[in-house]
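**Q** Kindly return the folded structure for what I paste below:
(4 chains)
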Number of protein chains: 2
Amino acid sequence: MTVTLSDVAARARVSPATVSRVLNGNYPVAASTRERVLRAVDELDYVLNGPASSLAAATSDLVGILVNDIADPFFGIMAGAAQTEIGGQEGTGRAGGEKLAVVCNTNGSPDRELTYLTLLQRQRAAAVVLTGGALEDPAHIAAMSSKLAKLADAGTRVVLCGRPPLPGSESIVAALAFDNRGGGRRLTEHLLSLGHRRIGYVAGPTERTTTRHRLEGHRAALAAAGITEDQDRLTVHGPYARQSGYDATLELLRRDPALTAIVAANDTVALGACAALRDQGLRIPEDISVAGFDDLPFSVDAVPALTTVRLPLYEAGARAGRLAMGREAAPPGGIATIGAELMARESTGRPKS
Amino acid sequence: MTVTLSDVAARARVSPATVSRVLNGNYPVAASTRERVLRAVDELDYVLNGPASSLAAATSDLVGILVNDIADPFFGIMAGAAQTEIGGQEGTGRAGGEKLAVVCNTNGSPDRELTYLTLLQRQRAAAVVLTGGALEDPAHIAAMSSKLAKLADAGTRVVLCGRPPLPGSESIVAALAFDNRGGGRRLTEHLLSLGHRRIGYVAGPTERTTTRHRLEGHRAALAAAGITEDQDRLTVHGPYARQSGYDATLELLRRDPALTAIVAANDTVALGACAALRDQGLRIPEDISVAGFDDLPFSVDAVPALTTVRLPLYEAGARAGRLAMGREAAPPGGIATIGAELMARESTGRPKS
DNA sequence: CTGTTAGCGCTTTCAT
DNA sequence: ATGAAAGCGCTAACAG
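**A** Below you'll find the predicted structure:
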């Protein structure tokens, strides 16, 4: 029933090998022959059998992009950029040589992360891009390292985007890490320079690299200003979600009603924090300042516009895509740190004297 | 170098056929044998060769989910729900029988939509879920219909989510369509009941079903209230993006400075509209009302909270996932319309007398 | 530049 | 309940 390569070959009066060659375009073929083959392909409406060719060639054109939360633009922007860079090349309707860039949503679950990796390994994926912060649980780190090593051994190119390199895993192509620590530090320095001294911190989930680095930057800035006591009491952890920002803010206010500023783990959490403060009748920034992280598109439209730290998500995703395709040289040592820029806007101001 | 099925068979002292049977769990195998095989699999750290098994079995465990814009939570929420429903089943680390649910970002490009479909067809995908509004260009509709018919013929289950059924394509499993027309109508009725008569409309891109249906609902409500003139002048089209909302709002104000309300194609566009109005020194809703569509998570946190139309994105995505897996019966006629609920909040109010 | 010939690793009748 | 054997449709040497 279904058309195969030899059907095309028969119709074009050539051998199957020749058809394969024109389809893969990786071998010299006479123009007239190629012409004839292409015509036969169109006439027969032939579609290559992916599994068969992957089996024979021992590689596939699948590229996986793993994200922690596909409903979060933080990941959507990176994944979209990577996908455009990987799959958005030409425009031939016939789809030749195209990579199939796909995104897989782990939902922040370490198990699903591993499962997806196995599934991609099973498909003999050409490359894998891991985005976003990693879990710091030792057992999971070990499992990931070994899994990534196996993928690399099997010829899959592994790229990390927005995630620090794993210890021991030297098999990866490259790691693009965001300067979360530096960004966090500059953000809190901004608050300190405005005169704030009692700052609440709504942190992300524990055991995540992103969470830890941002918090470390925050604490470093405080320590440099001689503020060290009570910091654990002024920190509340929670998921990277709006509701978490709302609840944590209420809790922080309960712990210290004299807070003059709240720093959130990311912009989404900051929005929840703002909502909680408004519900408490507090004005931003007159009564209390708020800051986020990431500079997602909606942050500039928040009221008041959110002070935050900009991460070049699109650029990072695109670069990760090129690295995955081997279309760009890996940075020295395989590791690049991507800068984070402070965006001071209206949600932060001087504390009430 | 790489471990194959027969390596496992040898180690477990059974035939390759038996190993295949325990791995696929679709055939009776003695408990003790299965035990032995599984142990060998673990000891050898064996990973099934996907292409090989897909070739032999003529089906793969790949399920594709197509979205127009992966950075937009509208799609992220639906895709995430579908993916969870499809791939998030068990938790066995060994990954048996698991489907690989992946999302593909078309970027709103009809060409890429078709290309992705071809790529999935090539992989012999088990199912395909198409989300979001469709392009209404006749040539593209024809190409899509024929492509989907071919996919269905090849055994791929096709499900539409948030998109009306294509004419002629009866091969699909099911279509879940949002009641964009009804939602649009109720939203404008709400504005009319508040007393608005001069309403600007920032529409989505032309030739998209979503755009057309929402606009039709809007116009229907106006017509029912006897307001018919000038409507084309009070409508501006643009992409589903924040910037488009900003620019279109300025343009509408230019065309009719006496506007008392602006309805946006979706929440993201509405946010852009709000920004433009604020920049013009207009207060919302005292000077002018604004409404969106979709009720994305950030809409309730906007200031003022956005009046909009809620679409049950998560539920729809999850249902599409179940339909794609054949785990839920298709609705009668293969088509289900999903309700849209008006969420009246603070961004709309009575017009200035 | 093109044809021939072996497999790639798995699933699946068909036997037993 | 298990084994033997025949492909699935394609690519990749190797010849020519």
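
**Q** for DNA strand C, what are the nearby residues on chain A?
**A** A:13-18, A:21, A:27-30, A:32-34, A:55-56, A:58 (C-beta under 7 Å from any atom of the strand). From N, CA and C alone the C-beta is placed, and that goes for glycine too.

**Q** 10 Å instead, please
**A** Within chain A, the positions near DNA strand C by C-beta under 10 Å from any atom of the strand are A:6, A:9, A:12-22, A:27-37, A:51-58, A:122, A:124.

**Q** which among these end up buried?
**A** A:9, A:12, A:14, A:18-22, A:29, A:33-34, A:36-37, A:51-55, A:122, A:124 (16 or more other C-beta atoms under 10 Å in any protein chain shown).

**Q** What count of nearby residues applies to the closest residue to DNA strand C within the stretch 251-353 of chain A?
**A** Closest to DNA strand C within the stretch 251-353 of chain A is A:Gly326: 23.2 Å, counting by C-beta to the nearest atom of the strand. Residues near A:Gly326, counting by other C-beta atoms under 10 Å in any protein chain shown, number 12.

**Q** quick one: A:Val158 and DNA strand D, what's the gap?
**A** 21 Å (C-beta to the nearest atom of the strand, to the nearest Å).

**Q** Let me know the secondary structure of that residue.
**A** Here A:Val158 is recorded as strand under DSSP: H, G, I helix; E, B strand; the rest coil.

**Q** just A:Thr2 next, same as before
**A** Reduced to three states with three-state DSSP, the structure at A:Thr2 is coil.

**Q** who's in contact with the nearest residue to it once chain neighbours are set aside?
**A** The shortest distance from A:Thr2 to any non-neighbouring residue, by C-beta to C-beta, 6 or more residues apart in numbering or on different chains, is to B:Ala154 (6.9 Å). Applying C-beta atoms under 8 Å, 6 or more residues apart in numbering or on different chains to B:Ala154 gives the contacts A:Thr2, B:Gln121, B:Arg124.

**Q** looking at this, the second one is in a helix?
**A** Yes - secondary structure of B:Gln121 (three-state DSSP): part of a helix.

**Q** Helices of chain A, start to end?
**A** Along chain A, the segments classed as helices by DSSP state H run A:5-12, A:16-24, A:31-44, A:50-57, A:73-87, A:110-122, A:138-153, A:180-194, A:209-224, A:242-255, A:267-279, A:313-324.

**Q** Next, the contact list for A:Ala264, please.
**A** Counted by C-beta under 8 Å, 6+ apart, A:Ala264 has contacts A:Val202, A:Gly245, A:Ala270, A:Gly272, A:Ala273, A:Val290, A:Ala291, A:Gly292, A:Phe293.

**Q** cool, and A:Ala177?
**A** Contact analysis of A:Ala177 by C-beta under 8 Å, 6+ apart lists A:Leu160, A:Gly162, A:Arg163, A:Pro164, A:Pro165, A:Ile335, A:Ala336, A:Thr337, A:Ile338.

**Q** Torsion angles phi and psi at the second one?
**A** In this entry, A:Gly162 is assigned phi and psi values of phi 80, psi 30 (degrees, to the nearest 10).

**Q** Now A:Val128. Nearest residue, chain neighbours left out?
**A** Closest to A:Val128 by C-beta to C-beta, 6+ apart is A:Gly64, at 4.8 Å.

**Q** what's the burial count for the one you found?
**A** So A:Gly64, with other C-beta under 10 Å, has 26 neighbours.

**Q** same deal with A:Pro239?
**A** For A:Pro239, using other C-beta under 10 Å, the count is 16.

**Q** So which of the contacts of A:Ala177 are in strands?
**A** Among the contacts of A:Ala177, the members found in strands (DSSP state E) are A:Leu160, A:Ile335, A:Ala336, A:Thr337, A:Ile338.

**Q** Please indicate which of the contacts of A:Ala177 are buried?
**A** Among the contacts of A:Ala177, those classed as buried by 16+ other C-beta under 10 Å are A:Leu160, A:Gly162, A:Arg163, A:Pro164, A:Pro165, A:Ile338.

**Q** For the closest residue to the third one other than its chain neighbours, which residues are in contact?
**A** Ranked by C-beta to C-beta, 6+ apart and with sequence neighbours excluded, the top spatial neighbour of A:Arg163 is A:Ala134, at 5.1 Å. A:Ala134 makes contacts with A:Ile141, A:Met144, A:Arg163, A:Pro164, A:Leu166, A:Arg208, A:Thr209, as judged by C-beta under 8 Å, 6+ apart.

**Q** so how far does stretch A:254-274 reach from one end to the other?
**A** End-to-end distance for stretch A:254-274, by C-alpha to C-alpha, to the nearest Å: 16 Å.

**Q** still on that earlier bit, just the residues of chain A next to DNA strand C that are near chain B?
**A** Contacts with chain B within the residues of chain A next to DNA strand C, counted by C-beta under 8 Å from any C-beta of the partner chain: A:Pro51, A:Ala52, A:Ser53, A:Ser54, A:Leu55, A:Arg122, A:Arg124.

**Q** tally of neighbours for the nearest residue to A:Leu271 once chain neighbours are set aside?
**A** Excluding its sequence neighbours, the residue lying closest to A:Leu271 (C-beta to C-beta, 6+ apart) is B:Asp301, at 4.8 Å. A count of neighbours around B:Asp301, defined by other C-beta under 10 Å, yields 21.

**Q** With the one 10 residues further on instead?
**A** B:Leu311 is flanked by 25 other residues according to other C-beta under 10 Å.

**Q** can you check the one 10 residues further on too?
**A** The local packing count at B:Gly321 equals 30, with neighbours defined by other C-beta under 10 Å.

**Q** show me what contacts it?
**A** By C-beta under 8 Å, 6+ apart, the contact list for B:Gly321 reads B:Ala81, B:Ala82, B:Gln83, B:Thr84, B:Glu85, B:Ile86, B:Ala101, B:Val129.

**Q** can you do 6 Å?
**A** For B:Gly321, the contacting residues are B:Ala82, B:Glu85, B:Ile86, by C-beta atoms under 6 Å, 6 or more residues apart in numbering or on different chains.

**Q** hmm, back to that, for the residue of the stretch 251-353 of chain A closest to DNA strand C, give its distance to DNA strand D.
**A** In terms of C-beta to the nearest atom of the strand, A:Gly326 sits 16 Å off from DNA strand D.
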